[in-house]
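> dropping a prediction and its sequence here:
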Amino acid sequence: GQQVMQIPQYQHVQEGEDFTTYCNSSTTLSNIQWYKQRPGGHPVFLIQLVKSGEVKKQKRLTFQFGEAKKNSSLHITATQTTDVGTYFCAGRSGGYNKLIFGAGTRLAVHP
Amino acid sequence: DTEVTQTPKHLVMGMTNKKSLKCEQHMGHRAMYWYKQKAKKPPELMFVYSYEKLSINESVPSRFSPECPNSSLLNLHLHALQPEDSALYLCASSQVDNYYEQYFGPGTRLTVT
């Protein structure tokens, strides 16, 4: 079945350092979404990528979708304490009518 | 209004109890979802309703029974749960199907004793 692998599982950085999380799918994805879940909170939608090679930016966050539409990344430049939380990717492939979530990357930011 | 509401926030129930979780959205979304989330794990899909009809049941045990009374409401009826069912239960909605972004509610923290 469809699987979405996400690494690293956990990362802690000093405030101001950069952070990247990666997702890889066993199948070609029709779209990939990214969500952020703060500690004690619920997942909040960040962005969706649809096109091969797509790059989208939101302030300090940069999202990429691979050329083969099997991988994606989220990069945060100059992390802040407000970036703390778990970042999930969630992908959908044409044959599956549901989103498959990656395991998530927990980000800790030390001031 | 981009909010999904869920009640109750917390629920403690015994293994012989019957209880219900409720979810509501007023965004005009036609797809609604129930997820189960254990600590430090991703949300795990349980059910999907599309246009008020059950479209996906991820082989969830029958002690969980979903219901969609109308396009704005989603219920999850619980009966004879097990302690391992203790988790955060999240409701979500999206425009039509999961091609669109999902809006999650705050969840119900369920403890089964």
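The structure has been received and is ready for your questions.
> please make it C-alpha for all contacts and neighbour counts, starting now.
Will do.
> give me the residue at the spatial middle of the chain.
No chain was given, so I picked chain A. residue A:89 (4.1 Å; CA atoms, centre = their mean).
> I was thinking of chain B, sorry if that wasn't clear
Short answer for chain B (CA atoms, centre = their mean): residue B:34, at 3.1 Å.
> please tell me I have it right and that one contacts residue B:54.
No - counting by CA atoms under 8 Å, residue B:34 does not reach residue B:54; the two are 11.2 Å apart.
> anything in contact with each of those two?
B:47-48 (CA atoms under 8 Å, 6 or more residues apart in numbering or on different chains).
> return the distance of the residue nearest to the centre of chain A relative to chain B.
Residue A:89 sits 10 Å away from chain B, going by CA to the nearest CA, to the nearest Å.
> tell me who's in contact with that residue.
A:6, A:23, A:32-35, A:101-102, A:104.
> still on that earlier bit, burial count for the spatially closest residue to the residue nearest to the centre of chain B that is not a sequence neighbour?
Excluding the flanking residues, the one nearest residue B:34 by CA to CA, 6 or more residues apart in numbering or on different chains is residue B:91, at 4.7 Å. Neighbours of residue B:91 under the rule other CA atoms under 10 Å in any protein chain shown: 32.
> help me confirm that residue B:91 is found in a strand?
Yes - assessed by DSSP: H, G, I helix; E, B strand; the rest coil, residue B:91 belongs to a strand.
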